[in-house]
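Colleague: Generate coordinates for the sequence data below:
(chains A and B)
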Number of protein chains: 2
Amino acid sequence: MLEYLNNGKEKIWDLMKVHDSVAIVIFNISRQVLVFVKQFRPAVYYNSLPAEETGPTIDTSKYPPSEGITIELCAGIVDKDKCLEEIAKDEILEECGYDVPISSIKKITSFKSGVGVSGSVQTLFYAEVTDGMRQHSGGGNTCEGEEIDVVDLTLSEAKALIFNEDVPRPVTLILALMWFFDGNMSLTNLPNKL
Amino acid sequence: MLEYLNNGKEKIWDLMKVHDSVAIVIFNISRQVLVFVKQFRPAVYYNSLPAEETGPTIDTSKYPPSEGITIELCAGIVDKDKCLEEIAKDEILEECGYDVPISSIKKITSFKSGVGVSGSVQTLFYAEVTDGMRQHSGGGNTCEGEEIDVVDLTLSEAKALIFNEDVPRPVTLILALMWFFDGNMSLTNLPNKL
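Modeller: The predicted structure follows:
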């Protein structure tokens, strides 16, 4: 809780200190697919329920857990004393199984991932990978309980996601897809493609 | 807190039921400016502080409150029993002072505004306004303690915001700007501009 004076008026705001994070647009140039992760998100599932159904137990036959399965960018929080590119590299390997050289990880931009309760910073990267860089099938850090499916989408499948509301997808995924498919984009001239 | 079984394993997740929300890309066609709101965001300010400075008091001479002043889209939560377009219309009037006909408010798309702690849905709209629709100078609902400045940006100023990290700006603002400036955009053909 933060108490502060705004134009002489006392105000109180509930907030959280939240870790900054990285997210990566991964393009597999060997197969011309974009690489995403799919996972069950409890908060997305819970918020998809009608208010009257959020009691002590939830009827999963009526509200299938698939409502909480999102397609997202490979991402992770900044909880190590490493540079952001290294954290992005670790996440790409851990979640998607590609061992990418640091030099292939290009920053797009950073922004506030929330402004209400949390105001942490997310940095968005772009990485081109090849099938030759694949070390394992990914899936996240099982010690931390992560259960992630790696999903390859063709360019037309990925483009269709921008306006497909049937798939629970976060705002950052749409931003990344718009950036990737922007007519002005130049992959050799990052991030000043505009 | 949600307890659930994932592949037979018991899991626990902290989460919140959060109101859905609307956000609006406002284009003033009389003066060819995009209309945004500027406000102090306690969570953005707090999360911009180094961890060692988040004790009981904060030295605002060392950490100026301007670090918490964001530029955002006009937006609001869905807390009334009205359709989303009506809620968007109310927010445009309340925050920015324009009385826009409902028919001018076009949906772009909707998405999850968060996937970690909150999983609420935000719906993004586009509205063209004219100087003739201006009823007052905006500023938000003062009864609710809102203190908002309306900011008009020329198209080139707005475009420059996409990659300008010196201005605290949320991900949704960047998404909206990318959408607006996308070479493929057709204002007469929403939302299927791709």
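
Colleague: before we move on, what SS does residue A:44 have?
Modeller: Here residue A:44 takes the helix state, with states given by DSSP: H, G, I helix; E, B strand; the rest coil.

Colleague: Now do the buried residues in stretch A:19-31.
Modeller: Of the residues in stretch A:19-31, those buried under the neighbour-count criterion (16 or more other C-beta atoms under 10 Å in any protein chain shown) are A:20, A:21, A:22, A:23, A:24, A:25, A:26, A:27, A:28. Heads up, the C-betas are built off the backbone N, CA and C, glycines and all.

Colleague: which residues does the residue most central in space within chain A contact?
Modeller: The residue lying closest to the centre of chain A (C-alpha atoms, centre = their mean) is residue A:73, at 3.8 Å. Residues in contact with residue A:73, defined by C-beta atoms under 8 Å, 6 or more residues apart in numbering or on different chains, are A:23, A:24, A:25, A:26, A:36, A:37, A:124, A:172, A:173, A:176.

Colleague: my read is residue A:27 is in a strand, agree?
Modeller: Yes - per three-state DSSP, residue A:27 lies within a strand segment.

Colleague: surely it meets residue A:127?
Modeller: Yes - Residue A:27 lies in contact with residue A:127 (C-beta atoms under 8 Å); the separation is 7.4 Å.

Colleague: Please enumerate the strands of chain A.
Modeller: Counting by DSSP state E, chain A forms strands over residues A:2-6, A:9-13, A:21-28, A:33-40, A:69-72, A:74-77, A:105-112, A:121-129, A:149-154, given from the N-terminal end onward.

Colleague: The longest one pairs with which strands, parallel or anti?
Modeller: The pairing partners recorded for strand A:121-129 under DSSP bridges are strand A:21-28 (parallel), strand A:105-112 (antiparallel).

Colleague: Any idea how far the first one is from the middle of the chain?
Modeller: Averaged C-alpha coordinates place strand A:21-28 at 8 Å from its chain's average position (C-alpha atoms, centre = their mean, to the nearest Å).

Colleague: Need the nearest residue in space to residue A:167, chain neighbours excluded.
Modeller: Closest residue to residue A:167 in three dimensions, ignoring its sequence neighbours and counting by C-beta to C-beta, 6 or more residues apart in numbering or on different chains: residue A:71, at 5.6 Å.

Colleague: partner residues bridging the one you found?
Modeller: Beta-bridge partners of residue A:71, counted by DSSP bridges, are residue A:38.

Colleague: picking that back up, how about the strands paired with strand A:121-129 in TSV, adding mean pLDDT?
Modeller: Formatted as TSV, the entries for the strands paired with strand A:121-129 read as follows, by pLDDT from 0 to 100:
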stretch	mean pLDDT
strand A:21-28	96
strand A:105-112	93
